[in-house]
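**Student:** Let's see this in three dimensions:
(chains A and B)
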Amino acid sequence: MKVTINQDGNKFNVILEGRLDTTNADQFQKDIEPLMNGDKPEITLDCKAMEYTSSQGLRMFLMLQKSVNSRGGSMVMTDMNPQVKEVFDITGFSNIIKII
Amino acid sequence: MKVTIDPIAGKSAQIIETLMGSEDMPQDPSLEFKLRLCVEEVVENIVRYAYKDGKGFVEVGTEIKDGALYVSFRDGGVQFDPLAKDDPDITLSAEDRQIGGLGIFLCKQMMDKLDYEYRDGCNCLTMVKYLS
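**Tutor:** Numbers count the residues shown, from 1 in each chain, chains lettered A, B, ... in the order given. The predicted model follows:
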């Protein structure tokens, strides 16, 4: 999974590309550390090129959402492919993470 | 197809690719996606938790029978019935959701049937997906 973070003040535009699974979840956690600090972050995760996520990946997104909530921020995931979206739907993650 | 990998420590990727490379696996990308996800969840659980230090075997297999794909896993590790666990409550808010317990739940939702039995000292898990 390639993670590209563009920051402008408290606004983060994050491009996710590739697969998120058990082999790279730890690295992903390190890669998103810049998103885990600061007040009222506004985070957009561009998922157009995200091909796959396992439950390990879901854990990461839940952890990030919790962190964002605790700091009074917002997070949205955009352009998710239908198969990845189904994983979020089945697990109820579509209810706790905003997906547009 | 039936393959035994021993020991399994650090071999998650190899076990997953062995199964996904089986000629029994459907070519349909949507089905392949679901199967890969479920295979990964089960393999990761076995590699992490079945044995202390991953010093043990897993036998994985695929078979097509009566219009269905059977994917099987057998290990001689600590007795564990993954189907006995309660499903996570997917209606809870982010704050109340537990981080974990999602893998096997995904398998339950995405496959048509899951069977577990403890037989001759081994955990035997079979996933069934009907092929239309």
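**Student:** any idea where the strands of chain A begin and end?
**Tutor:** Assigned by DSSP state E, the strands in chain A fall at A:2-8, A:11-20, A:42-53, A:74-78, A:98-99.
**Student:** what's the pLDDT at the residue nearest to residue B:82 when sequence neighbours are not counted?
**Tutor:** Of all residues not flanking residue B:82 in the chain, residue B:104 sits nearest, at 4.6 Å (CB to CB, 6 or more residues apart in numbering or on different chains). Quick note: C-beta positions are derived from backbone N, CA and C, even for glycine. pLDDT recorded at residue B:104 is 92.
**Student:** now swap in residue B:37 and tell me
**Tutor:** 96.
**Student:** and if you look at residue B:52?
**Tutor:** 89.
**Student:** Select, out of the strands of chain A, the one closest to chain B.
**Tutor:** With CB to the nearest CB as the criterion, chain B lies closest to strand A:42-53 of the strands of chain A, at 7.0 Å.
**Student:** what's next to the closest one, contact-wise?
**Tutor:** Residues outside strand A:42-53 that contact it (CB atoms under 8 Å, 6 or more residues apart in numbering or on different chains): A:1, A:10-21, A:35, A:61, A:64, A:68, A:73-81, A:83-84, A:87, B:33, B:36-37.
**Student:** again, but for stretch B:11-22
**Tutor:** A:22-23, B:1, B:3, B:5, B:8, B:25, B:32, B:35-36, B:39-40, B:43-44, B:47, B:54, B:58, B:60, B:62, B:71.
**Student:** Provide a PyMOL selection command restricted to the buried entries of the contacts of strand A:42-53.
**Tutor:** Those of the contacts of strand A:42-53 that count as buried under 16 or more other CB atoms under 10 Å in any protein chain shown are selected in PyMOL with:
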select buried, (chain A and resi 1+12+14+15+16+20+21+35+61+64+68+73+75+77+80+83+84+87) or (chain B and resi 33+36+37)
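**Student:** which SS class is the closest residue to chain A within chain B?
**Tutor:** Per CB to the nearest CB, residue B:90 is where chain B lies closest to chain A, at 2.8 Å. Under DSSP: H, G, I helix; E, B strand; the rest coil, residue B:90 falls in the coil class.
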